[in-house]
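In: One predicted model, sequence on top.
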Amino acid sequence: METLSPVMLGFLGSLVAGSLTAVGAVPVLFGRVPSRATRDLSLGFAAGVMLAASFFSLIIPALDAAEPRYESGAAPAAIVCVAILLGMGAVALMNERLPHEHFQTGPEGPEAESLRRVWLFIIAITIHNFPEGLAVGVGFGADGVTGGLPLAIGIGLQNAPEGLAVAVSLLGEGYGRGRAWTIAALTGAAEPVGGLLGAGIITLSEPLLPWGLAFAAGAMLYVISHEIIPETHRRGHQKRATLGLSVGLVLMLFLDVWLG
């Protein structure tokens, strides 16, 4: 595995993480769909994993990467803060400009009404998944297996409940089981694209390392705040969602320390 280039590692790591979206959606094929409360617990777990990954696998390494390049002082922290905000702003801009559809709030963005609903769903999940693949790719590009493996495992773990949530939501909109699973599986394809881009940029330009790490963290933080947590609190299952978030956060922290 060490003989592979960081770019290839980033691509393969994000591909495996993205494929777990399809694995998580498998129950819809057999009609054994967990309850809404259980799904909110799982999505809370996904939010906790992403939250921990953002800080322990991206933001802290970004600060460590920025410090040697600049004199001691506010510069490293300022760079990381700006990059986080840029990452959040980039995903917010995509969310605003690209036509897509949320499962609860309906169509959003220009020309949303003229696109078929299936494509609106796919675009929405692509906006959601691309930053996750970007984060995995940046991790591998920054520090090879050591930097990328915890992120790939963490993102993969949280992709499974997300895949199930997507498939179940599509079932509720009238899609057949096979079609709902297929669409959920295809949404994971955005992650290897993001992984390839993230690893490539970091590998080609080392000075961009702190910027890339923090940018990926900001993108994931936006998804957590704007999409996942509101969804888990929508049906009154806040306690279960918070429990899931807590378990996901400490598990990702453990994996990052153990594997890193």
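Out: Happy to help now that I have it.

In: which ones are touching residue 83?
Out: Applying C-beta atoms under 8 Å, 6 or more residues apart in numbering to residue 83 gives the contacts 62, 210, 211, 212, 213, 214, 215, 218. Where C-beta positions appear, they are placed from N, C-alpha and C, glycine not excepted.

In: helices or strands next to the helix or strand hosting the third one in the packing?
Out: It stands for residue 211. When elements are assigned from DSSP states H and E, residue 211 belongs to helix 209-223. For helix 209-223, the elements it packs on are helix 36-52, helix 60-66, helix 75-97, helix 117-172, helix 190-204, judged by 3 or more C-beta pairs under 8 Å, 6 or more residues apart in numbering; DSSP states H and E.

In: Would you tell me which of the ones you listed gets closest to residue 224?
Out: Of all the helices and strands packed on helix 209-223, it is helix 36-52 that lies closest to residue 224, at 5.2 Å by C-beta to C-beta.

In: what comes up buried for that closest one?
Out: By neighbour count on 16 or more other C-beta atoms under 10 Å, the buried set for helix 36-52 is 39-52.

In: need the contact list for residue 55.
Out: By C-beta under 8 Å, 6+ apart, the contact set of residue 55 is residue 217.

In: Tell me where the model's unsure across the stretch 151-260 of the chain.
Out: Regions of the stretch 151-260 of the chain meeting the criterion pLDDT under 70 cover residues 173, 260.

In: follow-up on the earlier one: against which helices or strands is the helix or strand following the helix holding residue 211 packed?
Out: Next along the chain after helix 209-223, taking DSSP H and E as the criterion, comes helix 229-232. On a contact count with 3+ C-beta pairs under 8 Å, 6+ apart, helix 229-232 meets helix 36-52, helix 238-259.

In: now those in a markdown table, with distance to residue 227?
Out: A markdown table is the format used below for those (distance: least, C-beta to C-beta, whole Å):
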| stretch | distance to residue 227 |
| --- | --- |
| helix 36-52 | 9 |
| helix 238-259 | 13 |
